[in-house]
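Colleague: how does the following fold in three dimensions:
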Amino acid sequence: MLTSSGGSGTARTQGIEVAVVGILLARYNATRRGAPRTTSEPRTAAQLLDAAHLHRTERMRRLTEEEAAAARVRALEVDQARETRLDQLAQDTERAWRDVDRLIGEKKAGPYDVAVTLLTDLREIHSRAGTSSAFEDRVGALRTTHRVKPSLMRRFDAVGLPKP
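Modeller: You can find the predicted model right below:
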């Protein structure tokens, strides 16, 4: 409690404290869920269980909606990032093809995965540009050149890259 020295100040301070407590209590009551109880008779166990079930159901519904909204936002961000990456890649596709050749030349699983990701992006770029046949020709040449690399061929097949 706030205290003040002097006789007349104490009554004023106590009045302020009462007002603050009243304001805080009003805020607390305003934030409580559900309607305030208007009856003084105790609730039964069934009523309490029903109220708990309703509260839990509502909380789960809100949580599900929030999770769905967050998932939609994440999906939109992923799509936007992919579109940005495709736009940047479309600026210099020849460099991307050279990167694919270099990555495949490393003969390791990690670079193979990166090369296949680049190839799927290049497929999308060529599709948008209407040059799918050029893409298929280049992938066919890659398949022919690297046919003795079964791990790479499995990766090509897994993402549906065309065969020669």
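
Colleague: helix or strand with the lowest mean pLDDT in the chain?
Modeller: For the chain, counting by mean pLDDT, DSSP states H and E, helix 7-31 ranks last in confidence among helices and strands (a mean of 73).

Colleague: just give me how far whichever helix or strand comes after that helix sits from the chain centre.
Modeller: Beyond helix 7-31 on the C-terminal side, the first helix or strand identified by DSSP states H and E is helix 45-91. For helix 45-91, the distance from its own C-alpha centre to the chain's C-alpha centre is 8 Å (C-alpha atoms, centre = their mean, to the nearest Å).

Colleague: and helix 45-91, what other elements does it pack with?
Modeller: If you count contacts as 3 or more C-beta pairs under 8 Å, 6 or more residues apart in numbering; DSSP states H and E, helix 45-91 packs onto helix 109-129. Where C-beta positions appear, they are placed from N, C-alpha and C, glycine not excepted.

Colleague: just the angle for the helix it packs on relative to helix 45-91, thanks.
Modeller: For helix 109-129 against helix 45-91, the angle by axes from the mean of the first three to the mean of the last three C-alpha atoms, to 10 degrees is 80 degrees.

Colleague: grab the most central residue of the protein for me.
Modeller: Closest residue to the average C-alpha location of the chain: Arg74 at 3.0 Å, with C-alpha atoms, centre = their mean.

Colleague: and the least confident helix or strand of the chain, what's buried?
Modeller: Neighbour counts over helix 7-31 (16 or more other C-beta atoms under 10 Å) mark no residue as buried.
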